[in-house]
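**Student:** Fold the following for me, if possible:
(chains A and B)
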Amino acid sequence: MTILILGATSAIAQAYARRRAAGMAFVLAGRREDRLTAIAADLVASGAKSADTLVLDLAALDGIEAQVQALRARYGDVEEIVIAYGVLGEQAVSERDLPTARMIVENNYVSPMLWILALLKDRPPMAPLKLVAIGSVAGDRGRASNFIYGSAKSGLDRVLEGLAQKYDRTPVRIITVKPGFVDTPMTANYKKGGPLWATPDKVAADIERAVAKGKRIVYTPWFWWPIMFIIGHLPWFVFRRLKI
Amino acid sequence: MQAVSSWGRLRQVPHEVDRPAFLDSAREATQRGGPMLGYGLGRSYGDVCLNENGRLIVTHLLDRFIAFDRESGVVRAEAGLSLDRLLRVIVPAGWFVPVVPGTKFVTLGGAVANDVHGKNHEGAGTFGAHVRAIGLARSSGETLTLSPSENAELFAATIGGLGLTGMILWVELQLAPIRCAKLQTETLAMSDLDAFFRLAQESRDWPYTVAWVDCLAKGSATGRGLFIRARHAEGGELKVHGAPRLGVPLDAPGFLLNSATIAAFNTLWRKRPWVLGASTQHYEPFFFPLDAIANWNKLYGKRGFYQHQSVVPMAAAPDTLRKLLGLTAEFGEGSFLMVLKLFGDKPSPGLLSFPMPGATLALDFPNKGESTQRLLDRMAGTVLAAGGRLYPAKDATMSGEAFRAGYPAWRELEARRDPAFMSDFWRRVTEAA
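**Tutor:** Residues are numbered from 1 along each chain as shown, chains lettered A, B, ... in the order given. All right, here's what the predicted structure looks like:
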């Protein structure tokens, strides 16, 4: 079985790949060759059957179709695809600097959407697939503190929801992962600690379980589900007053 | 600035913290100016892993295998790889870490920097004796490969070099073959200190030996405890260990560990009816009994604790141990079980390695302030007078004189130290020199 990971150097992707390593074939895509090679070596040493690297800029929108064709020619219809890349940015910066805002939306929404469309386009619809994409609890509601990144994740969420409906009752499972605060290099500028922060391995364990069950949406850690349920249902006259 | 403490939790120390996720960023981190120091899982007890108001390069995310040859048992991995994860991968392939300390929650980098030892020191020597090569980044911008044949002097200085020769990036280790994840053990009652030396003598064909001693026993009972010897079982499953089963969520109140509770614990530990005799045990409870309780250091409460670990040359060992045990019984401050074992004469490749042929003693002391300090000073004095030395990885209090007398090679390490690398320990023991 083969897992294709787009954004394989992300901390969550690394933790997830490790958990799935035994006997697995990996295709690891990302920008930094030395880092991909380090991850591939680790997976092979810890029991993976193989780990190939694919050096490319996932946010380069024009090359996506050609990349996908090359991937299909080499690996056929892979059984699992994990979309793990993203850019958090800083709301204050992206709000005032339009190129940054555009970059955030392209990296977190436009590019993953196009990759997903390209990867699904020529697949036989009955070929089994688990498609896992890392969204975010930030996509569940537009909040003053993080709505540009949030809107991109929200857009991705809608794409996945639509696909899940389209592929309902087929062997294609679309799995949306919604982590909360995760202690990774992506969040290096945050003050960490406290019960809301999770390790990448905790998130990876939840993804592993969701993939095994073919779950539609997984909040990770689990407590984000009730938190986001409440936040998502707050009426406007309450929500407007929240400083979140 | 971020507060960091070591395993003894004596102080919260402010640091700038770097957490590189890949080796290239770790190399870059060495270029940002000192004083800096590599930091693994923070399992050293005192201040060898601290660098107040300086930088710590935390290796937590540098935990990848670089290569693992399942045929030859040679493994190369990033410095932040823990023995915990290493064992999870190598045990099913029929390999074991040739030397393991009392916890698997240490990194390869930390094991090299402190040149850790285990229950098989007589036969296997220290961890450093099994290191084939080390990758080191210096603040000068160089990245070096160290081995007995390449940069040999820096290799020797880095093994047991307390992380001061530069940033350890990766370690290549020769593993030891095993046929089973279990050990055959024999536990014998030890009536006193003479019994310890006799049993140690009689157990020479057992690769692993250790003694647990009741530190509250006095007079003719001094040295009373259990002697345990073990070898890897010949056949069976290669099953890895599990995750910690228990945790200590909060600081225990200070009164929990007093001489009455400790005496009760020690008696129960020694007199468990099922404890004596031969048995087969998984490697986890045998080598890492305390790993079952995450954060057991919090049992000592908010003020933290000290550990004394010393070694004294064989000739002086019986007398000195008797004096040390007498001191702890007199002060009534020792806690839980004390560990006693013999070191063999296998030399370490390291310049500043702790073990020497002789007997080593380790025990914890809850921090009760000045009286604990006085006891530790008197114990250190006793060790020094016998020609012994204390273990920097465990130490928080030894004087510069005591350190320099115990480790005359310290000047050579100082000469090879990366000028931008520094620790609180090194400042403490070399300042007045």
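**Student:** Just give me the neighbour total for B:F265.
**Tutor:** When counting by other C-beta atoms under 10 Å in any protein chain shown, one arrives at 16 neighbours for B:F265. C-betas here are computed from N, CA, C, even on glycine.
**Student:** what helix or strand does it sit in?
**Tutor:** helix B:259-271 (DSSP states H and E).
**Student:** pLDDT averaged over that helix - what is it?
**Tutor:** Per-residue confidence for helix B:259-271 averages out to 74 on the pLDDT scale.
**Student:** tell me the strands in chain A, going along the chain?
**Tutor:** Using DSSP state E, the strands assigned to chain A run over residues A:2-6, A:25-30, A:50-55, A:80-83, A:129-134, A:172-179, A:181-182, A:197-198, A:217-220.
**Student:** Take those and write them to JSON lines, including mean neighbour count.
**Tutor:** As requested, the strands of chain A are exported to JSON lines (neighbours: other C-beta atoms under 10 Å in any protein chain shown):
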{"stretch": "strand A:2-6", "mean neighbour count": "24"}
{"stretch": "strand A:25-30", "mean neighbour count": "23"}
{"stretch": "strand A:50-55", "mean neighbour count": "18"}
{"stretch": "strand A:80-83", "mean neighbour count": "24"}
{"stretch": "strand A:129-134", "mean neighbour count": "23"}
{"stretch": "strand A:172-179", "mean neighbour count": "23"}
{"stretch": "strand A:181-182", "mean neighbour count": "20"}
{"stretch": "strand A:197-198", "mean neighbour count": "19"}
{"stretch": "strand A:217-220", "mean neighbour count": "21"}
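**Student:** Which positions within the helix holding B:F265 qualify as buried?
**Tutor:** Neighbour-count burial for helix B:259-271, counted by 16 or more other C-beta atoms under 10 Å in any protein chain shown, picks out B:262, B:265-266, B:270.
**Student:** Just give me the closest of the residues you listed to A:I231.
**Tutor:** Among the buried residues of helix B:259-271, B:F265 lies closest to A:I231 (C-beta to C-beta), at 48.6 Å.
**Student:** can you pull the contacts of residue 147?
**Tutor:** Here I'm looking at chain A. A:F147 makes contacts with A:Q91, as judged by C-beta atoms under 8 Å, 6 or more residues apart in numbering or on different chains.
**Student:** Wait, chain B was what I had in mind.
**Tutor:** Applying C-beta under 8 Å, 6+ apart, one finds that B:S147 lies in contact with B:132-134, B:155.
**Student:** same check, this time on A:L43
**Tutor:** A:L43 makes contact with A:17-18, A:21, A:24, A:26, A:51, according to C-beta under 8 Å, 6+ apart.
**Student:** who's in contact with whichever strand or helix holds B:D194?
**Tutor:** Taking DSSP H and E as the criterion, the element that holds B:D194 is helix B:193-202. The contact list for helix B:193-202 (C-beta under 8 Å, 6+ apart) reads B:188, B:190, B:209, B:211, B:213, B:222-223, B:225, B:227, B:229, B:317-318, B:321-322, B:325, B:340-342.
**Student:** Report the two of the contacts of B:S147 separated the most.
**Tutor:** Checking the contacts of B:S147 against each other with C-beta to C-beta, the farthest-apart pair comes out as B:R132 and B:F155, at 10.0 Å.
**Student:** which residues in the chain form helices?
**Tutor:** Looking at chain A here, since you left the chain open. Shown for chain A, the helices assigned by DSSP state H span residues A:11-19, A:33-45, A:64-75, A:91-96, A:98-105, A:111-121, A:147-166, A:200-213, A:224-233, A:236-239.
**Student:** oops, chain B please
**Tutor:** Secondary structure of chain B (DSSP H): helices located at B:23-29, B:83-90, B:108-113, B:121-124, B:152-158, B:193-202, B:259-271, B:283-287, B:317-331, B:370-385, B:400-406, B:410-416, B:424-430.
**Student:** Which strands and helices lie in contact with the second one?
**Tutor:** Applying 3 or more C-beta pairs under 8 Å, 6 or more residues apart in numbering or on different chains; DSSP states H and E, one finds that helix B:83-90 contacts strand B:65-69, strand B:74-78, helix B:108-113.
**Student:** Swap in 10 Å and give it another go.
**Tutor:** With contacts defined as 3 or more C-beta pairs under 10 Å, 6 or more residues apart in numbering or on different chains; DSSP states H and E, helix B:83-90 has these neighbours: helix A:33-45, strand B:65-69, strand B:74-78, strand B:95-96, helix B:108-113, helix B:283-287.
**Student:** Make CSV from those and add distance to A:A138 and mean pLDDT to it.
**Tutor:** Below are the helices and strands packed on helix B:83-90 laid out as CSV (distance: least, C-beta to C-beta, whole Å; pLDDT from 0 to 100):
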stretch, distance to A:A138, mean pLDDT
helix A:33-45, 25, 98
strand B:65-69, 34, 97
strand B:74-78, 32, 98
strand B:95-96, 44, 98
helix B:108-113, 36, 98
helix B:283-287, 40, 94
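**Student:** deepest of those, which one?
**Tutor:** Comparing the helices and strands packed on helix B:83-90 by mean neighbour count (mean count of other C-beta atoms under 10 Å in any protein chain shown), helix B:108-113 ranks first with a mean of 30.
**Student:** quick one: pLDDT of residue 21?
**Tutor:** With no chain named, the answer covers chain A. What the model reports as pLDDT for A:A21 is 97.
**Student:** oops, chain B please
**Tutor:** 96.
**Student:** ok, now A:Q165?
**Tutor:** 97.
**Student:** give the contact list for it.
**Tutor:** The neighbourhood of A:Q165, defined by C-beta atoms under 10 Å, 6 or more residues apart in numbering or on different chains, consists of A:I174.
**Student:** and if you look at B:D251?
**Tutor:** Residues B:9, B:295, B:297-304 are the ones in contact with B:D251 under the rule C-beta under 10 Å, 6+ apart.
**Student:** rerun at 7 Å
**Tutor:** When contacts are counted by C-beta atoms under 7 Å, 6 or more residues apart in numbering or on different chains, B:D251 touches B:298, B:301-302.
**Student:** Save the residues you listed as JSON lines, and put in neighbour count, pLDDT and distance to A:L98 too.
**Tutor:** Compiled in JSON lines, the contacts of B:D251 are given as follows (neighbours: other C-beta atoms under 10 Å in any protein chain shown; pLDDT from 0 to 100; distance: C-beta to C-beta, whole Å):
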{"residue": "B:K298", "neighbour count": "17", "pLDDT": "86", "distance to A:L98": "50"}
{"residue": "B:G301", "neighbour count": "19", "pLDDT": "85", "distance to A:L98": "55"}
{"residue": "B:K302", "neighbour count": "12", "pLDDT": "87", "distance to A:L98": "52"}
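**Student:** Pick out the residue of the stretch 301-433 of chain B closest to chain A.
**Tutor:** The nearest approach of the stretch 301-433 of chain B to chain A comes at B:K302, 18.1 Å away (C-beta to the nearest C-beta).
**Student:** Quick one: name the residues of chain B near chain A.
**Tutor:** In this structure, chain B approaches chain A at residues B:21-24, B:64-68, B:89, judged by C-beta under 7 Å from any C-beta of the partner chain.
**Student:** Looking at these, which is nearest A:T187?
**Tutor:** Sorting these by how near they are to A:T187, with C-beta to C-beta, puts B:A21 at the top with 12.1 Å.
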